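A.B. asks: build me a model from this:
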Amino acid sequence: MHNRLIPKYGKYFAARTRAILRITAVLVTTSPFNGCGSSSTKQVDYRRSTLKPLLGQDASRATSTSATSDGSNDIFNSAPSCGKSYSPGRSSLHLLSTEEYDNTASDLLFTSTKASKLAIFESAPKGQTGFASDTGNFPLTALTVSKYWDAATALADELIKSKGKVNSAYAAVAPCAVDQASVTPSCSAAVIRSLGLRAWRRPLTDNGATSEVARLQAIVNAAGSFDEGLRALVKALLISPNFLFLGITSEQSAIAGAIFPLSQYQLASRLSYYLWGTMPDAELLELAGNGALANEATLAAQVERLLRSPRANHISKAILNDWVGADTLVDMVTPSLNSTLKAAMIRETELLIQDIVQGDKSLINLTAAKYSYMNKALADHYGLPFGGADPAQYAAVDLSQTPRHGVLSQASFLLATAGSTTETRPVKRGQALANNWTCSDVPPPPPGVPPLDSTKLPANATPRQTLEVHTKNPACAGCHKILDPLGLGFESFDSFGKWRTTYDALAQAPIDSSGEFSDGFKFKDTEEMLSYLATSSTVKTCMTRKMLELALSRRARSTADQCVSQEIGQAALSDTSKFSDLVKMIVLSRQFGMQTGATP
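C.D. replies: Next up is the predicted model:
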């Protein structure tokens with residue numbers, strides 16, 4: 001996706017790289033953006049496997065495996081009805097998101113410092129999937145590269161300053177150098193290999209003139225002392241594309257139609273960033289080094305281990321903020337809603353999602369749960385009884401006698417999608433539901449649509465009456481046939497998630513939330529629609545597809561993607577299934593463990 005980047009940014013990146021190497025008297029012989037920065041207007045294709053590491057060695061030689069080298073392709077068969085030869089699709093290079101960068105740097109260098117704050121990283125838009133980890137829409141500019149340099153410098157400086165402190169990061173990164181007047185060559189080499197493995201999430205190459213180990217060793221040796229060399233080493237590792245990008249490359253990457261498995265280290269990284277939003281830990285790297293992730297039982301066990309960790313809260317936050325959209329409430333101006341109650345709305349959804357993920361319950365509870373977690377203020381807002389002992393604390397609330405189901409009836413979702421804090425806009429809610437819960441691909445409005453003729457509306461026209469006039473335009477009817485039933489079906493909820501039967505601002509006009517979906521299902525009101533969405537096979541397929549998109553950092557819209565999503569959704573989204581069942585089936589799919597080549 002980064003093929004839109006213009007050559008000058010690659011030239012700037014290389015120039016920044018050479019600044020490090022000039023300090024250490026080491027020259028760069030090849031650039032990670034080889035061929036960029038010339039007068040040619042040819043754009044760089046970052047989807048190719050030819051993106052080289054900072055120090056000039058082709059990373060694909062160190063990380064790729066052939067389609068039959070370890071047999072790992074045999075375990076990726078969680079959707080057997082889709083066949084044995086369908087395309088697993090192609091994921092482009094994935095630039096670490098801000099959260100992923102901070103998490104990775106923290107784990108790598110044993111620091112709590114968020115380098116993105118020190119370097120003031122630019123705000124990155126969410127990608128086409130809606131997830132922050134989908135960085136395909138983020139342009140890598142000269143300013144961005146400068147920020148990466150600043151972050152690497154700050155992190156390297158902090159590491160060196162920690163020397164001599166109790167439980168220091170320095171001692172964790174370079175244990176053999178602690179309290180040593182002079183550092184031996186074997187110690188220096190050990191630090192380079194260990195830190196390089198963890199930073200680039202694969203072993204460094206060590207073969208002849210193109211050896212990454214030798215080039216990094218030259219950087220360390222050229223410094224005035226080991227500590228200065230370690231400082232330069234950290235900068236070189238962190239400014240490298242091998243750190244900044246997650247790439248799935250193989251010698252077959254540039255062969256159109258070639259299907260190949262991820263290497264063991266690539267698989268470890270994809271799994272770790274999916275569930276933790278950070279680099280693989282020591283256990284994952286060790287298993288990758290031993291080839292053990294080619295074993296289905298081992299890979300499934302790692303899914304369970306990662307989900308048991310508090311770090312799995314990463315995936316809970318991704319669902320909360322990027323799927324449900326609760327993060328949009330943080331900066332939303334809501335004059336008639338106090339910040340304490342708004343925070344309670346977000347917390348309600350967060351607790352339900354954590355209950356599903358950390359409690360290993362079925363993801364179907366996102367739409368089907370007949371329970372929630374509220375404090376007394378939020379329960380009062382909904383008009384529900386609160387049975388907790390402490391009104392400030394959150395307690396489980398039974399919803400079985402209410403029309404509410406899951407997050408779609410929670411105030412955080414309803415406010416985030418209302419379109420306004422003073423009135424609901426059904427098309428806005430319908431668009432959110434179509435995009436993220438039924439996966440109906442609705443195109444944007446056509447250009448030149450004339451404004452609504454208000455003279456054709458009755459006094460105090462309801463949203464339904466307004467849309468009926470609007471959709472008489474044939475150019476609008478197709479999309480609104482999808483959006484309107486979804487949006488109007490939620491009209492029993494106001495902008496803040498309260499249940500209502502009439503429009504207070506429209507002379508108490510009664511609310512008609514009935515409708516018919518494109519699959520022929522007719523519903524009489526919001527409660528009936530919510531009950532249908534809670535168990536709909538369309539919603540199950542869409543929810544699985546969203547989880548697949550989060551795993552792959554790409555849109556999952558191909559026929560094969562749809563087949564896999566449908567089969568896994570039906571198998572892993574039942575009342576009795578577990579969240580880990582769904583994740584394991586995704587991880588054991590061809591989409592997750594394999595890749596399709598494409599002609600550069």
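A.B. asks: could you use CA atoms for every contact and neighbour count after this?
C.D. replies: Will do.
A.B. asks: what separates stretch 221-234 from the chain centre, distance-wise?
C.D. replies: For stretch 221-234, the separation from the chain centroid amounts to 35 Å (computed by C-alpha atoms, centre = their mean, to the nearest Å).
A.B. asks: in it, what counts as buried?
C.D. replies: Asn221, Ala222, Ala223, Phe226, Asp227, Glu228, Gly229, Leu230, Arg231, Ala232, Leu233, Val234 (16 or more other C-alpha atoms under 10 Å).
A.B. asks: thinking the fourth one is in contact with Val183, fair?
C.D. replies: This means Phe226. Yes - with contact defined as C-alpha atoms under 8 Å, Phe226 and Val183 form a contacting pair (6.8 Å).
A.B. asks: which ones among the buried residues of stretch 221-234 lie within helices?
C.D. replies: Asn221, Ala222, Phe226, Asp227, Glu228, Gly229, Leu230, Arg231, Ala232, Leu233, Val234 (DSSP state H).
A.B. asks: export stretch 487-505 to PDB, keeping only CA atoms.
C.D. replies: Taking Å, rounded to 0.1, in the frame of the first residue of the first chain, the C-alpha atoms of stretch 487-505 are listed here in PDB:
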ATOM      1  CA  GLY A 487     -30.800   3.200  10.600                       C
ATOM      2  CA  LEU A 488     -34.600   3.500  11.000                       C
ATOM      3  CA  GLY A 489     -34.700   0.300  12.900                       C
ATOM      4  CA  PHE A 490     -32.600   2.000  15.600                       C
ATOM      5  CA  GLU A 491     -34.900   5.000  16.000                       C
ATOM      6  CA  SER A 492     -36.200   3.700  19.300                       C
ATOM      7  CA  PHE A 493     -32.900   4.900  20.700                       C
ATOM      8  CA  ASP A 494     -32.100   8.600  21.000                       C
ATOM      9  CA  SER A 495     -28.600  10.000  20.400                       C
ATOM     10  CA  PHE A 496     -27.600   9.100  24.000                       C
ATOM     11  CA  GLY A 497     -29.000   5.600  24.000                       C
ATOM     12  CA  LYS A 498     -32.200   6.200  25.900                       C
ATOM     13  CA  TRP A 499     -35.200   4.200  24.800                       C
ATOM     14  CA  ARG A 500     -38.100   6.200  23.400                       C
ATOM     15  CA  THR A 501     -41.400   5.700  21.600                       C
ATOM     16  CA  THR A 502     -42.000   9.200  20.300                       C
ATOM     17  CA  TYR A 503     -40.000  12.200  18.900                       C
ATOM     18  CA  ASP A 504     -40.000  14.900  21.600                       C
ATOM     19  CA  ALA A 505     -38.900  17.600  19.100                       C
END
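A.B. asks: report the buried residues of it.
C.D. replies: 487-497, 499, 502-503.
A.B. asks: can you map out the helices along the stretch 251-400 of the chain?
C.D. replies: 264-275, 282-290, 296-308, 313-317, 339-357, 365-368, 376-382 (DSSP state H, counting those that start in this stretch).
A.B. asks: turn those helices into TSV, including mean neighbour count and distance to Phe413.
C.D. replies: Formatted as TSV, those follow (neighbours: other C-alpha atoms under 10 Å; distance: least, C-alpha to C-alpha, whole Å):
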stretch	mean neighbour count	distance to Phe413
helix 264-275	24	23
helix 282-290	16	36
helix 296-308	17	25
helix 313-317	20	14
helix 339-357	20	8
helix 365-368	22	11
helix 376-382	18	14
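A.B. asks: any regions of the stretch 151-300 of the chain where pLDDT drops low?
C.D. replies: For the stretch 151-300 of the chain, no stretch is flagged by pLDDT under 70.
A.B. asks: quick one: the strands in it?
C.D. replies: According to DSSP state E, counting those that start in this stretch, the stretch 151-300 of the chain carries its strands in the segments 245-246, 259-261.
A.B. asks: for stretch 247-261, which residues meet the burial criterion?
C.D. replies: Gly247, Ile248, Thr249, Ser250, Glu251, Gln252, Ser253, Ala254, Gly257, Ile259, Phe260, Pro261.
A.B. asks: excluding residues flanking it in the chain, which one is nearest Gln465?
C.D. replies: Leu457 (7.3 Å; C-alpha to C-alpha, 6 or more residues apart in numbering).
A.B. asks: spatially central residue in this protein, please.
C.D. replies: Most central in the chain under C-alpha atoms, centre = their mean is Ser133, positioned 3.3 Å from the mean C-alpha point.
A.B. asks: so what's it up against?
C.D. replies: Leu96, Ser97, Glu100, Lys126, Gly127, Leu550, Ser553 (C-alpha atoms under 8 Å, 6 or more residues apart in numbering).
A.B. asks: how near is it to Glu100?
C.D. replies: 8 Å (C-alpha to C-alpha, to the nearest Å).
A.B. asks: can you check Arg270 too?
C.D. replies: 12 Å.
A.B. asks: output the below-cut-off pLDDT ranges for the chain.
C.D. replies: The chain contains residues with pLDDT under 70 at 1-73, 599-600.
A.B. asks: Phe521: how many residues sit nearby?
C.D. replies: 10 (other C-alpha atoms under 10 Å).
A.B. asks: also the one 10 residues further on?
C.D. replies: Ser531 sits with 16 neighbouring residues when counted by other C-alpha under 10 Å.
A.B. asks: does it touch Ala369 like I think?
C.D. replies: No - counting by C-alpha under 8 Å, Ser531 stays clear of Ala369, with 10.4 Å between them.
A.B. asks: now for those two: what residues contact both?
C.D. replies: Shared contacts of Ser531 and Ala369, counting by C-alpha under 8 Å, 6+ apart, come down to His405.
A.B. asks: would you turn the ones in helices among the buried residues of stretch 221-234 into a markdown table with distance to Lys84?
C.D. replies: A markdown table is the format used below for these (distance: C-alpha to C-alpha, whole Å):
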| residue | distance to Lys84 |
| --- | --- |
| Asn221 | 51 |
| Ala222 | 53 |
| Phe226 | 53 |
| Asp227 | 53 |
| Glu228 | 53 |
| Gly229 | 51 |
| Leu230 | 48 |
| Arg231 | 49 |
| Ala232 | 48 |
| Leu233 | 45 |
| Val234 | 44 |
